[in-house]
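*Asks:* With the sequence up front, the predicted model follows.
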Amino acid sequence: MTNKIHLICNEKTVPLSENQTISLGRKGHGADLELSDRMISRRHAEINMRHDGVFIQDLGSSNGTFVNNKRLEPNTWTKISFDDMIRLASESIQLKQKEVNNEKPSANPSKFIGFKQAIVAKGSLSIGRQSNNDIVLDDPTVTRQHAQLSFENGSFWIQDLGSTNKTYLNGKEVKTKSRLKDSDTVTISFYRITLKDGAKDLRKESSAIKALSIQKKYPNNKIGLQDMSLDIPHSTFVALMGPSGCGKSTLLKCLNGENPATSGEVFIHGLSLADNFNLIKKKIGYVPQDDIVHKELTVYKTLYYAAKLRLPDDTALSEINKRIDKVINDLNLDQDKEKDIRDIKVGNLSGGQRKRVSIAVELLTEPTILFLDEPTSPLDPETIESFLKSLKKLAHSGTTIVMVTHKPEDLNYVDQAIFLGVQGHLVFKGPADLLTSHFEVQNIVEVYSKMSDLSVVSTYYQKPSKIGFKSTNNPEVKKEKPDSYWLQLYWLFSRYLNIKLNDKENLVLLLAQPIIIAGLVCLVFNKFQVGVLFLMAISAIWFGVSNAAKEIVGELSVYRRERMYNLNINTYILSKWMVLSLFALVQTVIFVTIIYLNFRFNTFEGFDDVYLRPYGQSVLFMFFISFSASLIGLWLSSAFNSTEKVMTVVPIALMPQIMLAGVMTKINNPVVEVLSFFTLGRWGTEGFARLQDKASSTLDSESEVVQSVLTSIPVQPPAQGTMEVASSALTVLDLYNSDLVHEGTLIGDVFDSFDMNLLVITLLNILFYVMIYYALKKKDSI
Ligand SMILES: Nc1ncnc2c1ncn2[C@@H]1O[C@H](COP(=O)(O)OP(=O)(O)OP(=O)(O)O)[C@@H](O)[C@H]1O
């Protein structure tokens, strides 16, 4: 039996060992001593026993830590003794000396000194989120059974058990069972595991953000940020301010890895951002200036799909719902008792609520740091107050928040401020209430005006000391592939389909399009002819392009944010293409059915066999054109940065489809013909003509009649006179444009079959797919 110091709270007792830090926090958040009072912050306080006594420090909790009724300064160690009254919010804690049996190796080695012995004794230790693991890492981004440490053949080993967010050994993903040396570091989420120290939560050990001598130069040689260093402690709420264009967003993107610094290094909880980006990015929340939510989805669906796309695959629905409830509660989103906010569409929320939903999406993964770019700009003063109060509460319960703002009054809610002068100079970092005195002015507005003058800025510029710092150039940050392509594709498809189906107005318009256009075709053409086939091809192109043109550009902020997290470009494109194709199929069926029925039952007397045929193949071919045209629309949508620009270029993309199809005018110029190879208008019309001729040729006896009807119908202006309508033996192909489909053209007979038409369209699809891919990839570095 030995005497040991214990911490006692309610019925719980935790022994203290020398050099051991015990964390205290709210139940369910992985603290060593968990307290159930809701007033307790997630990471409330820490107690540490050293050779010279026992010390306590408050970790910036919302409701404070008290020793003998005196509130402790956050992040400052205070010595405590057996007689002290220690209180965390309303929970009392006592320090006591107790007699205990000598300990045996613990089941949870993270709380045990002999970590290596524990592995040897058990043979292997499981690591994961679920409570039955030997090492429990209570973090939503950790998989239930995440990894395993083992001792075999005289060596220690680490193996990832197929976790969603991976296990890293010295910064590299553990793909196969790997030998572990004493000097190695295993990282899972923000837990660092070494054979010497066991599992440690890095968030408790070092500053949240440390930037060492970072600089940003844009490719056009414009300086985004001048050399600067920063150190942001954990659980602080920081305002990032400065005149317009001084580099606030640039700094935010350097710190969160979206657009890394050109030189220098950023550390997040002691881990190099460049070396560990794939790990760190899962624990960073970032809400850019634009909302990162879809207006068509309800709040619940928004959070549900975000959870499905970001949390480990094995997260049960009950866990997801619990997390959704928690983030809604943390952000005070459920104040309206009349209607559950979960059921309200994001588009029907106020600006402040919408911003909170964007933040809620980010909080699902329990980020350790939250970057917010001007969240208060669109909010009214009343909303700002409650909004910033909930952010402050969030920061003091463990989430470091860096918020870009222009509003001086926001400083009343933050702990620290960082101020940038023009041209990216760091001119102030420290407690927010010292900002004006630092610049010897009366108010923040004067700080702004002083820091807009370059000559004044240089006197306040805080140039970092380079002593002992080795500069790294261009820390390359790579975007990661998703954890499962199929699952990501499934959830993206499902979310996008939901968005489209929820937009009822758009749905009605989509269905009205084929009815109106096909109706007009039937009205204008009293008999079936090549002009109808041409308009079928052009309508299919129109459906495809117009349905897709706004679909990427309209959600660029969501794309960029998700891409930073783990979005794969291919699954993204495919999810869009699949949903758009479904709509294209419905539109095509409606269109072809109307055309078919009209010309089937409304024929010239004696020419009953002249109508659109075969029905099935016509539907499939028109769908194929529309499906292919969706790619043109998606390419336009990915190549430009605003919906207005895309809508301006849509007609430019559509006109060649009409002009180069060979119906309006004969194609007899080699340059124009080469251009026509790249249009769906040409291959679509030609394909329809071939289908028609194939069907007519089976009519044997009537074939001449068929052909004569086709040729006997005058082509509508302006095509009059442009077609060969000379002989009654002509086919639709002849009517269409003999130069395009017969010998004597650049490519002669090579494409003289329907199958070849399909092949060319397929090749065009590949071309456009590659173009979309690279247009989207380019957005990574912007
Ligand atoms: N991708 C880029 N390429 C070139 N220059 C850029 C790029 N992004 C930003 N800049 C320039 O870097 C400077 C800082 O821009 P940044 O957007 O970071 O400023 P800001 O302080 O956030 O501005 P605001 O308050 O208006 O949002 C500006 O002069 C801007 O024109």
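*Replies:* It's in. Numbers count the residues shown, from 1 in each chain.
*Asks:* what about whichever residue of the stretch 551-700 of the chain sits closest to the ligand, how many residues close to it?
*Replies:* Going by CB to the nearest ligand atom, the ligand is nearest to Asn641 of the stretch 551-700 of the chain, at 11.2 Å. For glycine as for every other residue, the C-beta is placed from the backbone atoms N, C-alpha and C. By other CB atoms under 10 Å, the residues close to Asn641 number 12.
*Asks:* for it, what are its contacts?
*Replies:* Neighbour list for Asn641: Val553, Leu556 [criterion: CB atoms under 8 Å, 6 or more residues apart in numbering].
*Asks:* do you know how far it is from Gly247?
*Replies:* Distance, Asn641 to Gly247, using CB to CB, to the nearest Å: 21 Å.
*Asks:* Please apply the same query to Asp343.
*Replies:* Taking CB to CB as the measure, Asp343 falls 41 Å from Gly247.
*Asks:* The two - which one has more neighbours?
*Replies:* In terms of neighbours (other CB under 10 Å), Gly247 is the more surrounded of Asp343 and Gly247; the figures are 25 against 10.
*Asks:* Ser183 in helix, strand or coil?
*Replies:* Secondary structure, DSSP: H, G, I helix; E, B strand; the rest coil: Ser183 is coil.
*Asks:* Tell me the confidence at it?
*Replies:* On pLDDT, Ser183 comes in at 89.
*Asks:* next one: Asp453
*Replies:* Looking at Asp453, its pLDDT is 90.
*Asks:* so Pro656 sits in a helix?
*Replies:* Yes - applying three-state DSSP, one finds Pro656 inside a helix.
*Asks:* State the number of residues packed around it.
*Replies:* 17.
*Asks:* pLDDT weak spots in the stretch 51-200 of the chain?
*Replies:* 69, 90, 97-114 (pLDDT under 70).
*Asks:* Enumerate the residues of the protein near the ligand.
*Replies:* 218, 220, 222, 224, 242, 244-250, 782 (CB under 6 Å from any ligand atom).
*Asks:* Return the member of those nearest to Asp503.
*Replies:* For the residues of the chain next to the ligand, the minimum distance to Asp503 (CB to CB) is 27.7 Å, reached by Ile782.
*Asks:* for the residue lying closest to Ile344 once chain neighbours are set aside, what are its contacts?
*Replies:* Spatial nearest neighbour of Ile344, chain neighbours left out: Val299 (5.8 Å); criterion: CB to CB, 6 or more residues apart in numbering. Under the criterion of CB under 8 Å, 6+ apart, the contact list for Val299 reads Ile328, Leu333, Ile341, Arg342, Asp343, Ile344, Lys345, Val346, Leu349, Val357, Ala360.
*Asks:* try 10 Å
*Replies:* Remark: with contacts taken as CB atoms under 10 Å, 6 or more residues apart in numbering, Val299 is in contact with 293, 324, 328, 333-334, 340-346, 348-349, 353-354, 356-357, 360-361.
*Asks:* Check the gap between the closest residue in space to Cys9 that isn't next to it in sequence and the ligand for me.
*Replies:* The spatially closest residue to Cys9, leaving aside those adjacent along the chain, is Ile93, at 4.7 Å (CB to CB, 6+ apart). Counting by CB to the nearest ligand atom, to the nearest Å, the gap from Ile93 to the ligand is 45 Å.
*Asks:* before we move on, what SS does Ile93 have?
*Replies:* Ile93 ends up strand, using three-state DSSP.
*Asks:* which stretches of the stretch 551-700 of the chain form helices?
*Replies:* For the stretch 551-700 of the chain, applying DSSP state H, counting those that start in this stretch gives helices covering 556-565, 569-601, 615-639, 643-659, 670-677, 680-697.
*Asks:* what angle sits between the shortest one and helix 680-697?
*Replies:* What that stands for is helix 670-677. Going by axes from the mean of the first three to the mean of the last three CA atoms, to 10 degrees, helix 670-677 is angled at 80 degrees with respect to helix 680-697.
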